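J.: below are the sequence and a predicted model for it; my questions follow.
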Amino acid sequence: MSKRGILMIISGPSGVGKSTIADAVLSRNNGFSHVPTATTRNPRPGEKHGVDYFFLSQEEFESKIQANEFFEHIEYAGNRYGSLVSAVDASLDAGNDVLLVIDVRGAISIKKLRPDAVTVFVLPPRFSDLKARLGGRGTDDEDTVSRRVEIAKTELNYRDRYDYQVINDVVERAADDVEKIRDAERLRSFRNEFSMEE
């Protein structure tokens, strides 16, 4: 029987590149598994249920909330998104390591439910780099950019509540760091069983 996989959660402020790091890690075919997120939005051309997302109706999504079937869920741009406990556990039970990109508060909530989850906070090299990224799209007015910067400051205050911190100066190097964290976590005593019986 294969050993249960490790649940890793990446989060950090908006614009820090956490999804880019996760995509780089998942593209390496290194034991990490992609677990689709559930959403109420309509599928885009080419997207498949159970592969890209679990596409649910508003009623189905609400029913799963009431049944506590999500680790966490949010509403964004009029659509709902959530991580299904059953999908994550099925992958972990199969021996896969699961990497989820979750917002800061969601990550802390999951850690309370699953103390063995490994949390990784992604930091920019400097706060000025993050400010430049948040304002660099050129499509938002100053007030919108200022709000994003203030939210980022608040999110950065949570960094010490995470197991690890990774600086995203070069995406591939940050992805390497995530893999190294996973490799170290595999050696933790509580993840390994040893019997003195002969």
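T.: Noted; the coordinates are in hand.
J.: let me see the ranges of the strands in this protein.
T.: Chain-ordered strands for the chain, with DSSP state E as the definition, fall at 7-11, 32-33, 37-39, 53-55, 70-76, 79-84, 97-101, 118-123, 164-167.
J.: export those to TSV and tack on distance to residue 152 and mean pLDDT?
T.: Where you see a C-beta, it was placed from the backbone N, CA and C, and this is true even at glycine. Written out in TSV, the entries for the strands of the chain read as follows (distance: least, C-beta to C-beta, whole Å; pLDDT from 0 to 100):
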stretch	distance to residue 152	mean pLDDT
strand 7-11	12	95
strand 32-33	27	91
strand 37-39	23	93
strand 53-55	27	94
strand 70-76	17	87
strand 79-84	20	92
strand 97-101	16	94
strand 118-123	11	96
strand 164-167	15	97
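J.: residue 144: which of these is closest?
T.: strand 70-76 (15.7 Å; C-beta to C-beta).
J.: pairing partners for the closest one, with directions?
T.: Strand 70-76 has its sheet partners listed here by DSSP bridges as strand 79-84 (antiparallel).
J.: the strand it pairs with vs strand 7-11, what angle?
T.: Between strand 79-84 and strand 7-11, the angle formed by their directions is 150 degrees, by axes from the mean of the first three to the mean of the last three C-alpha atoms, to 10 degrees.
J.: mind giving me the domain ranges of the protein?
T.: Per automatic domain parsing, the domain ranges recorded for the chain read 1-31+96-191, 35-95.
J.: between those, which gets the lowest average pLDDT?
T.: When these are compared by mean pLDDT, domain 1-31+96-191 comes last with a mean of 89.
J.: centre-most residue in the chain?
T.: Per C-alpha atoms, centre = their mean, the C-alpha nearest to the average position across the chain is that of residue 101, at 1.7 Å.
J.: show me what that one is bridged to.
T.: Residues found in beta-bridge contact with residue 101 (criterion: DSSP bridges) are residue 10.
J.: just to revisit the earlier point, need the winner for burial among the domains of the chain.
T.: Burial among the domains of the chain, expressed as mean neighbours by mean count of other C-beta atoms under 10 Å, is greatest for domain 1-31+96-191, which shows a mean of 16.
J.: just how off-centre is that domain within its chain?
T.: Its chain's average C-alpha position is 7 Å from that of domain 1-31+96-191, according to C-alpha atoms, centre = their mean, to the nearest Å.
J.: stretch 42-55 now?
T.: The offset between the C-alpha centroid of stretch 42-55 and the centroid of the whole chain comes to 19 Å, using C-alpha atoms, centre = their mean.
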